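**Q** Sequence and predicted model, in that order:
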Amino acid sequence: MQIIDGKAIAATIKKEIAQQVDEIMAKGGKRPHLAAILVGHDGGSETYVANKVKACEECGFTSTLIRYEDDVTEEQLLAKVQELNNDPDVDGFIVQLPLPRHIDEQKVTEAIDYRKDVDGFHPVNVGRLSIGLPCFLSATPNGIMELLRRYNIDTKGKKCVVLGRSNIVGKPMANLMMQKGTPGDATVTVCHSRTLNIVEECQAADIIIAALGQPHFVKAEMVKEGAVIIDVGTTRVPDSTRKSGFRLCGDVDYENVAPKCSYITPVPGGVGPMTIVSLMKNTLLAATHEIY
Ligand code: GUN
């Protein structure tokens, strides 16, 4: 069994990106610039955005954080999105989700210029992904593809079960795994809360990508000997022994599943660090106009 070290791979990729930025600067180019809009004070969102700003520093990017309180209006937010769309210095930007309930997330997502949508959430990017055209790829699925690539994990013709059908992870993940290429070329099954035979589907899988948000959902008896297990779960569970008061819990019962696997991602330190790095890659691609 091999533990997939997402933290180490992410550190390597950040260095690669920083080197590319140095080369751009040496040629007199513009420093890549990522902006992030954060609404309210959700603990998870605060952490994610702080990590994104830190990663920008590590990669040599400019970053701008725009903050609003929970009572920001949809009009105010849409006006800021337009401003960022029109700002030639901003290469890409994100609106951290979730947004307060009085704001239409879809409307905000669609207001972002797809050429600056480094999250890959705009319907143009989602649509282009589904037909295999160059686009900004959703960060978590793209980070997982990079892990599979760097560990030379064979996916061709393999049975891949994706647990979860979210727009951010499950759907784009299934799309990427079924596409022609390496990694890719897998036979993909998407399971979700209404799937009847989820245990049997998992037992037949060569690769399981768990993105349900249910701590320890994947148990040892659901996993085939030698399977590849990718754990996307990051549920915060109370833990009084930690300074933060919580710990991150994956969707996989790691302790019991790990001995049966060929490869497994830990939580934390597996998929999480790769998500941020994928966003940095998209920002570099936006800055260098390699996609649009
Ligand atoms: N909320 C949870 N994950 C993400 C993400 O990747 N991007 C944005 N914008 N919001 C999120």
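**A** Yes, it's here. Because the structure is a prediction, the values reported are computed rather than measured.
**Q** and the residue of the stretch 151-292 of the chain found nearest the ligand, how many neighbours does it have?
**A** Closest residue of the stretch 151-292 of the chain to the ligand, Cβ to the nearest ligand atom: I168 (5.7 Å). Placement of C-beta: from N, CA and C, glycine included. Using other Cβ atoms under 10 Å, I168 has 19 neighbouring residues.
**Q** ok, now I208?
**A** Residues within reach of I208, counting by other Cβ under 10 Å, total 28.
**Q** Check for me that it belongs to a helix.
**A** No - applying DSSP: H, G, I helix; E, B strand; the rest coil, one finds I208 to be strand, outside a helix.
**Q** if I read this right, it contacts G226, doesn't it?
**A** No - taking Cβ atoms under 8 Å as the definition, I208 is not a contact partner of G226, at 11.9 Å.
**Q** circling back to that earlier point, doesn't V126 make contact with the residue of the stretch 151-292 of the chain closest to the ligand?
**A** No - with contact defined as Cβ under 8 Å, I168 does not count as touching V126 (10.4 Å).
**Q** rewinding a little: so how far is T155 from the residue of the stretch 151-292 of the chain closest to the ligand?
**A** Note on I168: its distance to T155, by Cβ to Cβ, to the nearest Å, is 21 Å.
**Q** before we move on, back to that, just list the residues touching the residue of the stretch 151-292 of the chain closest to the ligand, thanks.
**A** Going by Cβ atoms under 8 Å, 6 or more residues apart in numbering, I168 touches 97, 121, 138, 140.
**Q** Let's see the pLDDT reported for it.
**A** As predicted, I168 sits at a pLDDT of 96.
**Q** Need the three-state assignment for it.
**A** Of the three states, I168 takes coil under three-state DSSP.
**Q** Flag every residue of the stretch 151-292 of the chain that's near the ligand.
**A** For the stretch 151-292 of the chain, the residues in contact with the ligand (Cβ under 6 Å from any ligand atom) are I168.
**Q** number of nearby residues for the residue of the stretch 51-200 of the chain found nearest the ligand?
**A** Nearest residue of the stretch 51-200 of the chain to the ligand, counting by Cβ to the nearest ligand atom: L97, 3.7 Å away. Counted with other Cβ under 10 Å, the neighbours of L97 add up to 16.
**Q** how many neighbours does the residue found closest to it once you drop the neighbours it is linked to in the chain have?
**A** In this structure, L97 finds its nearest non-sequential neighbour in E105, 6.1 Å apart by Cβ to Cβ, 6 or more residues apart in numbering. For E105, the neighbour count with other Cβ under 10 Å is 14.
**Q** ok, E105 touching I112?
**A** No - at 11.4 Å, E105 does not count as touching I112 under the criterion of Cβ under 8 Å.
**Q** residue boundaries of the helices in this structure?
**A** In the chain, the helices defined using DSSP state H lie at 6-26, 43-59, 74-86, 105-111, 123-130, 139-150, 170-178, 198-203, 254-257, 271-287.
**Q** Most tightly packed of those?
**A** Of all these, helix 271-287 carries the top mean neighbour count, a mean of 25, counting by mean count of other Cβ atoms under 10 Å.
**Q** pLDDT of it, averaged?
**A** Regarding helix 271-287, the rounded mean pLDDT is 98.
**Q** For it, C-alpha coordinates in PDB please.
**A** Taking Å, rounded to 0.1, in the frame of the first residue of the first chain, the C-alpha atoms of helix 271-287 are listed here in PDB:
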ATOM      1  CA  VAL A 271      -6.500  15.900  -2.200                       C
ATOM      2  CA  GLY A 272      -6.800  19.100  -0.200                       C
ATOM      3  CA  PRO A 273      -3.400  20.700  -1.000                       C
ATOM      4  CA  MET A 274      -3.900  19.700  -4.700                       C
ATOM      5  CA  THR A 275      -7.100  21.700  -5.000                       C
ATOM      6  CA  ILE A 276      -5.400  25.000  -4.200                       C
ATOM      7  CA  VAL A 277      -2.500  24.200  -6.500                       C
ATOM      8  CA  SER A 278      -5.000  23.500  -9.400                       C
ATOM      9  CA  LEU A 279      -6.400  27.000  -8.900                       C
ATOM     10  CA  MET A 280      -2.900  28.400  -9.100                       C
ATOM     11  CA  LYS A 281      -2.300  26.500 -12.300                       C
ATOM     12  CA  ASN A 282      -5.600  27.900 -13.800                       C
ATOM     13  CA  THR A 283      -4.600  31.400 -12.800                       C
ATOM     14  CA  LEU A 284      -1.200  31.000 -14.600                       C
ATOM     15  CA  LEU A 285      -3.100  29.600 -17.700                       C
ATOM     16  CA  ALA A 286      -5.400  32.700 -17.600                       C
ATOM     17  CA  ALA A 287      -2.400  35.000 -17.300                       C
END
